[in-house]
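Undergrad: Any chance you can model this:
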Amino acid sequence: MTRQFLLECLEESEERSHGNIGRRLATAPTTEAWGMMGKEWQGLIFNLLKYDAENNSASSGKGKKRVGRRGGRGDRMMMQQWDLEDIQSLLTGESDADYRLATLLMHKAMMGEDWDNNWNTILNQLRSQCESQGVHPVFHSLASTFQPVLGELGVYDSVEVEIDDDADWLESCRIDASDCELLTDLLKPPLGIQLKATQLAPLKRLHDLMVRKGGVKPQWLSRHLDSRLLEERKGSIGLLAAILASGAQLEDVKSRFEQLAIEEGIIGDISAKQVLLISIKEGNNSVWDECISLKQGNSLNDACRAHAWARTPEGGPGLSLKKLEKGLDELNSWSEIRGIEMDASEIKWAIVESMANDGESESACEHFPSLNINNNQQLRIALSLLNSSCHESVVAKLEKVIANASNLDFSILLGHEAIPVNIRLSVSELLDVSGSADQDTEEMMLELYTSTGDIKALTGLLAAHPDSAQINPHLTLVSARLIGAENDNDLLTWARLARREAFLVLSDVELPSFLSPAAFALTSLLDGGIADLEQVSSLLDSEGLQSFKQCRRAMMEDGDGLVPQPLLLKMEESVSSSEMGKIERMLFNQLILNLKLNRADSLLQIAESDTHKEAEEIIEEVLTSAPPTYRLMRNVNAQVLEHGVASGALERWYKNNNAHSMEASIATGRYAEKGGNRLEAARSYQTAATRCDNFELRQKLNKEALISYAHAGNWPEAIELLESESGLKANITDRFKLYLQVNDEADRGNLEKARSTILANVAESTIIEKKNDEGETYEVEQITHSVEGLNLHLTYPSIHRLPEEPYRGRVLAAINRVQKGRKRRGADIEQVFQKALNRKEFTEIFSVANRAADEMGPEHGLLIYERAMNSSKFDVAGLKRLSEMQRTMYSRTENVIPVRQRIHLNNLALKPLVVVDTNLLVDALAERVLRELEIEREVPMHLDSRREFHKTLLYRSQQGRIEMFIPAATRNELRNIAAIPGRMRKICGDRLIDPKLWDEKITEKSLVALADGVITEYNSWNPETGANINELVQIRRPEFETFFVDLKKVYSDITDSKISRGHSQAKRQEIEGEALYPEAGDVDIMLFSAYLADESLEGFGSILVASRDSDFTVPARALQERFGFVTVDNAQALSRYTH
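TA: As a prediction, this is how the structure comes out:
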């Protein structure tokens, strides 16, 4: 073998050196074959290579050269040495003649004149032996490669002795490859088969590692197997490769052995047995008899038998009880020897069945407790033991297998009298036989689920009946209130829809006997109905009852709606210590959680930073105190959308339960934004938008993604999103688009293009007349750039609290470009302002503000003060002084500054004028209707995803922080809605309303009166009246129509979305033959809001339209940029403009 290794070493070094002799020398000691040779053979090949390298170098005229500290590998190898076998040993030794002759010739070549000619006699003798006996083929290769030294060896005959595989070693291959110890022994050198060095060396290393490591796992072995060996699929080497692949549990093991099994002799026999072992392990019982018939005595056969016994077929294939018990002993013995825990349940089941058939049930009970029921045959065997001493064990196992919803035929349990009733009920539910079961059985199932608080099962059973909401409305409301948010969407949808059906028939159906009056009183309380508070109070101790009464007082109309935390804590303690049923406790806990969430909702409506933080802490507590119900989770989701709530608990819940939903992405985005990771937030909002079916919400989410991308400085993704979503173009201002585009170009290094983009935005074209040399007049277009426009761009990031760079730098570059050759008015103002700001010089700031006001308009002067106060450079006294200076300037110029130009003057704390749209007044009207019906009389709560923005508006108006105006179009539309009682009934349909009480109290007349009351309450300001007001308002109608047509694609999407929700297209305004645009009333609101925005109204800092209508919300930014009014659709949006 050593000669073969030498040849492999030479060939590999030749291949890797690509003809470079020096590299060939360096490569040889790194080959796998090198390590497999003895030192004398290493010396021979190394010196041959070195001699050849030295002589080639000399003949090429290069001569010797000094090897530097970092010289090449070939040069360094010239300094290494592996010695040839000693000459005396070669002269007198008994090694093969070809080796001795080759080594002596190498000595002779290296020694030159120092060679002793007396040694030539031995050389000649060795030549004679080689001539008569021949030489190993490797020496022909050496002669060819090293002609000057060993060329003469090429004339002798090539003779190779064929070496057979070791039969004993092959017999040792009859092993179970999962036996690590036997596998290690199999690899112990020397191996009894002929392997290449590239195969043998990795095997030797593997053996050494396995010896050091002891037991190894298949995963470890698979990582350490050499791919070159695994390529072998035939003969003894293929057998070894297959055994190792089996030990590593590779995928193609069986096909390897099947291919080898067709070979003759021991290799085919071993492989066939390995195929048997794999097949029985796979559960192929067709080989069971063949495995059992194998003789014991070697690892492979013993493993086949053991695995076969572990997979004894049902009925023990006709074997006697004695034979089966002997098989169990054999399996246990093999398992103990191997240290492997084998599952003996199959053979034990066969023994138990055999004993039960023989009437030996008591003996069968010795084995039964350790068994699990996994199939119908085992289920029948277990039932046969119900009347034995292991009755309790059988019942326990039945309960377990039913709880795991195993796919078994449980129908045989239903009529078995020895089985407890609760198990049979569980079976009825599991088999979904409620539709075919008798009424008594189904009643028992409903009672069982209710008494045990199994809400998922209760809801599932109710959902199985198409009329369950009418038949069992009380239970429907209980299940809809308590069903967990983690359940299937179909079940949750049923609970949501069935709840409304139950409301309609509740008063006509008696309360089930197994649902306590207290439980339903709690359900009514949570659903806003009139509840029997005595029943609720009966569940609490004195302290809990007192806390409950105080909670009610806080929630009453004259209370503040904020239930103090200590009261809620006392109620919790009372509930936990009181005696009550499972369902009552669950409902009471929901009442407490909803009261907490109600407090959070009230705090969010206040929309202050401190209250927002407290609300988030409450929501976090609510979500972590118990698994959230579907109703509770819907409320939290509404708070996330409406108020920007961020919750780590919500984010984790979605990750674990519904990771691919829109809500999950929004929760992740909110939480990431709160933590300052704006890039993750942006990507999460964008993902949420792709998962959103609601057009309006999708645009809102995309807008939030854009803003977060901007804060993260990720301009390329922002631009990509902007270009891919057509609706965004109307939902953000052109200035924000420009901001994104400029930053993107600047970030890419395109500074000139970024500056040109800004200049193009403020370019103004005029036609001027010139004369040529002949005195003829001609017109030319002259492009100028607005310095005022550039200054607005300069302040844009700071006003909107966006990252200022690189945008601000590009704007300054554009200003410098424009001012070249001009009076440097705008640029000078900015430079002087920055210097004044850095020096904190109030007189200089005053001077700059006055210059800006004189040269560019008073709003620019006021913005100078605004920027100074937002710069974080001044203390409280400094801010106060700047504020006084700003207010003084504003008081002089207020009458010439339109409201639309005051929107960014936050430090003036001007109140907004809010124009209220109909949809918010409808919410207020619905609230008044519910109050008239005494809905939520006991504990008013504003949850269940109801709209509360109208309350925030009224609260802010009562505080004096906003003024509200109800336009004529809104008043008329609200009165029209109120004139149709059926429409209002549908709007209020999510509350527990007694239909008889509705018919008694709610009429067209009373609804119109309530609507008038809403209008009076929500209108706190009226415009000046004048003969030409309407003309001034209507004069901009053509401009609005042009605006609508420019956004045709956006309004087309809005129209499609409205139609999908049941709106009539007939109400849409037709322009240029297409009915895609806002209805007349909404256009009137827009026209009047635009008129107000252009007026210099005293005391107002902005014109806001409070609306959730997508005609306003989707193109909100476009409307703001073009017409000067802002759309707000929730308390969070409103808070940006209130002071």
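Undergrad: those strands in the chain, which residues are they?
TA: All strands of the chain, identified by DSSP state E, fall at 763-771, 777-785, 911-916, 963-965, 1069-1071, 1074-1077, 1100-1106, 1126-1128.
Undergrad: In TSV: those strands, plus mean neighbour count.
TA: C-beta here means a position set from N, CA and C on the backbone, and glycine is covered the same way. Below are the strands of the chain laid out as TSV (neighbours: other CB atoms under 10 Å):
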stretch	mean neighbour count
strand 763-771	9
strand 777-785	10
strand 911-916	24
strand 963-965	19
strand 1069-1071	15
strand 1074-1077	18
strand 1100-1106	25
strand 1126-1128	25
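Undergrad: just so I know, which of the ones you listed lies nearest residue 1022?
TA: Residue 1022 sits nearest to strand 963-965 of all the strands of the chain, at 6.9 Å, using CB to CB.
Undergrad: mind listing what the closest one pairs with, with the direction of each?
TA: Paired neighbours of strand 963-965 in the sheet (DSSP bridges): strand 911-916 (parallel).
Undergrad: Dump the strands of the chain to a markdown table, plus mean pLDDT and distance to residue 124.
TA: Below are the strands of the chain laid out as a markdown table (pLDDT from 0 to 100; distance: least, CB to CB, whole Å):
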| stretch | mean pLDDT | distance to residue 124 |
| --- | --- | --- |
| strand 763-771 | 77 | 103 |
| strand 777-785 | 75 | 104 |
| strand 911-916 | 96 | 117 |
| strand 963-965 | 96 | 123 |
| strand 1069-1071 | 90 | 115 |
| strand 1074-1077 | 89 | 110 |
| strand 1100-1106 | 95 | 115 |
| strand 1126-1128 | 94 | 111 |
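Undergrad: Show me where the stretch 201-350 of the chain has its helices.
TA: Using DSSP state H, counting those that start in this stretch, the helices of the stretch 201-350 of the chain run over 218-224, 227-230, 235-247, 253-261, 265-281, 288-292, 299-310, 321-338, 345-357.
Undergrad: buried ones in the fourth one?
TA: If I follow you right, that is helix 253-261. By neighbour count on 16 or more other CB atoms under 10 Å, the buried set for helix 253-261 is 253-254, 256-257, 260-261.
Undergrad: Any chance of TSV for those, columns distance to residue 786 and pLDDT?
TA: Shown next, in TSV, are these (distance: CB to CB, whole Å; pLDDT from 0 to 100):
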residue	distance to residue 786	pLDDT
253	78	90
254	80	92
256	80	91
257	84	92
260	86	91
261	88	90
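Undergrad: Out of the residues you listed, which is nearest to residue 317?
TA: Nearest to residue 317 among the buried residues of helix 253-261, with distances taken as CB to CB, is residue 254, at 24.0 Å.
Undergrad: Could you double-check that the closest one sits in contact with residue 278?
TA: Yes - judged on CB atoms under 8 Å, residue 254 makes contact with residue 278 at a distance of 4.8 Å.
Undergrad: can you tell me how far the spatially most central residue of the chain sits from residue 649?
TA: Nearest to the centroid of the C-alpha atoms of the chain, with distances taken as CA atoms, centre = their mean, sits residue 659, at 5.6 Å. The gap separating residue 659 from residue 649 is 15 Å, by CB to CB, to the nearest Å.
Undergrad: can you check residue 688 too?
TA: Relative to residue 649, and taking CB to CB, residue 688 is found at 18 Å.
Undergrad: So for those two, which residue has more residues nearby?
TA: residue 688 (25 against 18; other CB atoms under 10 Å).
Undergrad: okay but the more buried one is in contact with residue 669, surely?
TA: Yes - assessed by CB under 8 Å, residue 688 is found in contact with residue 669 at 6.5 Å.
Undergrad: most remote residue from this protein's center?
TA: Computed with CA atoms, centre = their mean, the most peripheral residue in the chain is residue 118, at 85.4 Å.
Undergrad: That residue and residue 1095, how far apart?
TA: Going from residue 118 to residue 1095 by CB to CB gives 126 Å.
Undergrad: go on, residue 1108?
TA: As for residue 1108, its distance to residue 1095 is 26 Å (criterion: CB to CB).
Undergrad: and the spatially closest residue to residue 813 that is not a sequence neighbour, how many neighbours?
TA: In this structure, residue 813 finds its nearest non-sequential neighbour in residue 755, 4.8 Å apart by CB to CB, 6 or more residues apart in numbering. A count of nearby residues for residue 755, using other CB under 10 Å, gives 22.
Undergrad: so who does the nearest residue to residue 806 once chain neighbours are set aside touch?
TA: Nearest residue to residue 806, sequence neighbours excluded (CB to CB, 6+ apart): residue 746, at 3.9 Å. Contact analysis of residue 746 by CB atoms under 8 Å, 6 or more residues apart in numbering lists 754, 806-807, 809-810.
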